[in-house]
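Student: Here is a sequence together with a model predicted from it:
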Amino acid sequence: MSLTSSGFQLAAILSVIVVTAATLLLWNRVPGPRAVRVSARIVMLGTGYLVAGIAALVSINIAYGGLIASWSDLADNLGGPPSTAHSHPHKHG
């Protein structure tokens, strides 16, 4: 599935809806001691923020004409800019 496809955008948006609904339904149903309940709620909220952020980034990517068009483009961009460590330094003096 391409990063610029409408199917991927729809999947990202639907995942936001599912995670939000799950958080609302499970909020008071988390069993265990207080620390476990609080931790589970923090994970649910964090997951919601993460999925919403991904959906927003996918929509922005599509709106700007596919800045990152494929998964390999995304993996290449994660490497950062090319290193200049192997270039010959200029000697001053």
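Tutor: Arrived safely, thanks for sending.

Student: For Ile62, grab the count of nearby residues.
Tutor: Close neighbours of Ile62, defined as other CB atoms under 10 Å, add up to 17. For the C-beta atoms, the positions are set from N, CA and C on the backbone; glycine is no exception.

Student: List the residues that contact it.
Tutor: Thr4, Ser6, Gln9 (CB atoms under 8 Å, 6 or more residues apart in numbering).

Student: List buried residues within the residues you listed.
Tutor: Buried members of the contacts of Ile62, scored by 16 or more other CB atoms under 10 Å, are Thr4, Gln9.

Student: hmm, who's touching the lowest-mean-pLDDT helix or strand in the chain?
Tutor: Sorting the helices and strands of the chain by mean pLDDT, DSSP states H and E puts helix 71-78 at the bottom, at a mean of 77. The contact list for helix 71-78 (CB under 8 Å, 6+ apart) reads Leu3, Ile68.

Student: for that helix, the distance to its chain's centre please.
Tutor: The chain centre lies 14 Å from the centre of helix 71-78; the measure is CA atoms, centre = their mean, to the nearest Å.
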